[in-house]
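[1] Sequence and predicted model, in that order:
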Amino acid sequence: MKLAEIASRLEARLENGSPDTEITGVAGIDEAGPGQITFVANPKYAAAAKTTKAAAVIVAEDFPAIPAAMLRSKNPYLSFARCIELFYQPPAYAPGIHPTAVIHPSTRVGAGAHIGPYAVISEEVEIGTHAVLLAHVVIYRGAKIGDNFFAHAHAVVRENCRVGNNVVLQNGVVIGADGFGFAKDDQGQWRKIVQSGPAVLADNVEVQANACIDRASIGQTYVASGAKIDNLVQVGHGSTVGENSLLCAQVGLAGSTEIGKNVILAGQVGVAGHCKIGDGAVATAQSGIPNDVAPGAVVSGYPAMDNKLWLRCAALFRKLPEIAKTARGKRG
């Protein structure tokens, strides 16, 4: 593909390069070679951009000039993501039902569906048009699923759960497993609390491998439109995840957590039950959140506190032995 065509399709401005340069693929800035295109979004790779062997580099509008051809973009990372789409097309799945699939007669599946080997769709299920269910996907009774649903192998949607349009479930995802609810009886035994409420995913949600969205004891567990949930994330029963929020790998939400819109919880963040995380808040990796977080706040550490305060505290931790020794000396 010509560099000029790539620039046009990415709505980027070509600078310092021939529009007729042939681009054959994309690669990271350290691995890219002649004929390939790469990008720089993080300033720490600015030096690498000067020596890259790539034919062209997608950069920000204000990025310093480099020897290679540049495609200047307002959002280099997004432009690079779109560029990958120009050169890589994921596998297409032709409509059809594999002979080993088990589909209950009461199920309604829209036109254009691909149902893979050993998929199981139970009674009273509704699935929209152009669904793709790969091998061993299981849809329990009464589930309602919208158009363009894509479920990778071994994904599960449990009974009476609701899934919107354009939802992607990666391998091993479980939507609507029982929430972790038990009450101790008079004999000291744990009695299971029936988890009667469904898990509900709105449109354009993606849930990545082996993540779990638990069903609720009453009411529902809800993931709003555009939210993205990473591998091994646990969304506890009765929780709410707001629009366009990101839950990164190994995040855990205890029951009845409320996550606002455009929230980012980095890897291994834990949120205690019944906490509210305000719109636009960010929690850095491995933060523990036992209390509500205000909208727009950036928090770190455990217990989570303002990120700048946490950084100052963390800088002091390594000095604590020396401080303690000095304090003991003064007492003596």
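    Nice, I can see it. Residues are numbered from 1 along each chain as shown.
[2] Got the confidence number for residue 332?
    Looking at residue 332, its pLDDT is 55.
[3] One more: residue 25?
    At residue 25, pLDDT is 95.
[4] Same check on residue 182?
    If you check residue 182, the pLDDT there is 96.
[5] cool, residue 5 as well?
    96.
[6] ok, it to residue 56 distance?
    Distance from residue 5 to residue 56, counting by C-beta to C-beta, to the nearest Å: 12 Å. (Each C-beta comes from the backbone N, C-alpha and C, glycine too.)
[7] Settle it for me: which of the two has more neighbours?
    Legend: neighbour count by other C-beta atoms under 10 Å for residue 5 and residue 56, higher for residue 56 (29 against 12).
[8] What residue, apart from its backbone neighbours, is nearest the more buried one spatially?
    Ranked by C-beta to C-beta, 6 or more residues apart in numbering and with sequence neighbours excluded, the top spatial neighbour of residue 56 is residue 69, at 4.1 Å.
[9] got any ranges where the chain has weak pLDDT?
    330-332 (pLDDT under 70).
[10] What are the boundaries of the helices in it?
    For the chain, applying DSSP state H gives helices covering 3-10, 46-51, 76-87, 307-317, 320-331.
[11] For the shortest one, list every residue counted as buried.
    To tie it back to what came earlier, the one meant is helix 46-51. 48-49 (16 or more other C-beta atoms under 10 Å).
[12] Residues contacting that helix, please?
    Residues outside helix 46-51 that contact it (C-beta atoms under 8 Å, 6 or more residues apart in numbering) are 29-30, 40, 57, 59, 63-64, 66-68.
[13] sorry, back to before: nearest to residue 204, out of the helices of the chain?
    helix 76-87 (15.6 Å; C-beta to C-beta).
[14] Give me the residues contacting the closest one.
    Helix 76-87 is contacted by residues 1, 6, 9-12, 24-26, 37-41, 58-60, 71, 73 when judged by C-beta under 8 Å, 6+ apart.
[15] can we see that at 10 Å?
    1, 5-7, 9-12, 23-26, 28, 36-42, 56-61, 63, 71-73, 75 (C-beta atoms under 10 Å, 6 or more residues apart in numbering).
[16] Of those residues, keep whichever come out buried.
    Buried among those (16+ other C-beta under 10 Å): 6-7, 10, 12, 23, 26, 36-41, 56-60, 63, 71-73, 75.
[17] Please enumerate the shared neighbours of residue 5 and residue 56.
    Common neighbours of residue 5 and residue 56, using C-beta under 10 Å, 6+ apart, are residue 23.
[18] Share the number of residues neighbouring residue 35, please.
    Look at residue 35: counted by other C-beta under 10 Å, it has 15 neighbours.
[19] Return the residues in contact with residue 306.
    294, 297-300, 312.
[20] Of those, which belong to strands?
    Among the contacts of residue 306, DSSP state E puts 298-300 in strands.
[21] Please convert the residues you listed to JSON lines, extending it with distance to residue 167 and neighbour count.
    Shown next, in JSON lines, are the ones in strands among the contacts of residue 306 (distance: C-beta to C-beta, whole Å; neighbours: other C-beta atoms under 10 Å):
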{"residue": "298", "distance to residue 167": "30", "neighbour count": "17"}
{"residue": "299", "distance to residue 167": "30", "neighbour count": "23"}
{"residue": "300", "distance to residue 167": "32", "neighbour count": "23"}
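[22] and these as CSV, adding distance to residue 89?
    As requested, these are exported to CSV (distance: C-beta to C-beta, whole Å):
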residue, distance to residue 89
298, 38
299, 41
300, 40
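[23] which one among these gets closest to residue 239?
    residue 299 (18.4 Å).
[24] ok, that closest one to residue 100 distance?
    Distance from residue 299 to residue 100, by C-beta to C-beta: 49 Å.
[25] farthest pair in the contacts of helix 46-51?
    The distance between the two most remote of the contacts of helix 46-51 (C-beta to C-beta) is 18.8 Å, for 30 and 64.
[26] Grab the nearest non-local neighbour of residue 71.
    residue 12 (3.9 Å).
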